[in-house]
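Chemist: Got a sequence here, can you build the structure:
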Amino acid sequence: MTVLITGSSGYIGTELCRRYSAADNPPEIIGIDLAPPREQFPNLTYYQLDCNGDLSPVFQRHSVNTIIHLVYVLNMTHDSERMYKINVGSMENILKFADENGVARIVVTSSATAYGAHPDNPPLLTEDDPLRGNYDYQYAFDKTIVEERLNSFASENPEVDIVIARPAIISGVHIGNFISRYIDKPLVPLVKDSDTEMQFLHEEDAADALYTLAFQAPAGIYNLGPPDTIHPEKAVRMLGGRPLGIRPGLLRFMTAMAWTLRLKFLAEAPASMIHFIQYPWVADGSKIEELTDFRYRYSSEDAIREFAESQK
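Modeler: Coordinates of the predicted model:
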């Protein structure tokens with residue numbers, strides 16, 4: 001078997017390479033990334049390529065059976081066209097080459113944010129719930145478009161196994177993003193009197209889940225998130241900060257101003273991010289445990305605790 005991993009030099013990509021290298025019958029691993037590998041693996045062949053570019057040399061030299069597509073931009077930018085090109089365009093390009101070269105299985109990381117954060121969301125969102133990614137929050141909306149493209153591809157290519165992973169917020173020692181940095185401040189503005197809880201997926205569980213989805217899971221969609229949640233105020237206190245309750249309208253105005261003025265120390269995302277603090281979007285991650293050997297080893301609190309320890 002030959003496995004192609006896009007974004008192979010990132011933390012999750014590196015962990016997948018490690019797991020494949022340690023397998024009883026290690027497959028050939030093809031890594032595509034703009035950054036060089038963090039580690040060398042005997043069965044890894046690395047290509048320094050843009051996933052939006054010409055990938056034909058890779059497919060001419062290797063007979064790829066499985067693709068794990070990890071390339072995306074989570075950290076929000078003011079360059080929406082570039083963000084769309086990476087989040088959606090790279091996946092469309094991968095599908096083109098997969099179609100031309102007879103790839104049998106494609107695993108793509110979407111996001112639980114694709115459900116959208118809405119006041120009428122159920123307590124637990126299942127894979128059967130509709131995607132309502134907030135259109136004004138580009139990362140979530142891009143993921144809904146990614147899944148639309150994948151569904152169209154699956155309809156036109158029923159012989160190809162499409163596996164979609166919808167992880168909660170990934171956190172841990174090695175992973176920091178604008179969400180982690182938002183709650184890791186001395187004083188953290190939060191929605192006043194909100195009882196909305198948040199869900200965090202430990203980085204090790206994320207890597208284990210994707211590894212399992214790639215070789216064991218039936219085609220389909222899988223939420224990835226532990227059964228527990230944590231209130232943002234508790235997460236802030238675990239990180240040594242102080243939560244500051246602010247009315248939703250005022251908090252959105254403050255965030256919008258900071259985002260417009262590019263005051264990154266105050267806001268690294270537009271005001272639409274506040275929806276994901278105010279409204280629920282917790283995913284039911286039990287399906288992967290029911291259909292595969294994967295089991296969650298860490299709670300949401302574990303993921304925050306390890307991130308907190310890494311910041312000391």
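
Chemist: those strands in the protein, which residues are they?
Modeler: 2-6, 28-33, 44-48, 66-69, 105-109, 161-167, 169-171, 187-191, 200-202, 220-224, 242-246 (DSSP state E).

Chemist: Take those and lay them out in a markdown table including mean neighbour count and mean pLDDT.
Modeler: Yep, even glycine has a C-beta here, placed from its N, CA and C like the rest. Shown next, in a markdown table, are those (neighbours: other C-beta atoms under 10 Å; pLDDT from 0 to 100):
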| stretch | mean neighbour count | mean pLDDT |
| --- | --- | --- |
| strand 2-6 | 25 | 97 |
| strand 28-33 | 23 | 96 |
| strand 44-48 | 17 | 96 |
| strand 66-69 | 24 | 98 |
| strand 105-109 | 24 | 97 |
| strand 161-167 | 22 | 98 |
| strand 169-171 | 25 | 93 |
| strand 187-191 | 17 | 93 |
| strand 200-202 | 28 | 96 |
| strand 220-224 | 23 | 98 |
| strand 242-246 | 14 | 95 |
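
Chemist: can I get those strands in JSON lines with distance to residue 295?
Modeler: Formatted as JSON lines, these follow (distance: least, C-beta to C-beta, whole Å):
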{"stretch": "strand 2-6", "distance to residue 295": "23"}
{"stretch": "strand 28-33", "distance to residue 295": "25"}
{"stretch": "strand 44-48", "distance to residue 295": "27"}
{"stretch": "strand 66-69", "distance to residue 295": "20"}
{"stretch": "strand 105-109", "distance to residue 295": "19"}
{"stretch": "strand 161-167", "distance to residue 295": "16"}
{"stretch": "strand 169-171", "distance to residue 295": "17"}
{"stretch": "strand 187-191", "distance to residue 295": "32"}
{"stretch": "strand 200-202", "distance to residue 295": "12"}
{"stretch": "strand 220-224", "distance to residue 295": "12"}
{"stretch": "strand 242-246", "distance to residue 295": "32"}
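
Chemist: Out of those strands, which is closest to residue 268?
Modeler: Proximity to residue 268 (C-beta to C-beta) singles out strand 187-191 among the strands of the chain, at 13.0 Å.

Chemist: and that closest one, what does it pack onto?
Modeler: When contacts are defined as 3 or more C-beta pairs under 8 Å, 6 or more residues apart in numbering; DSSP states H and E, strand 187-191 packs onto helix 232-238, strand 242-246, helix 248-260, helix 275-278.
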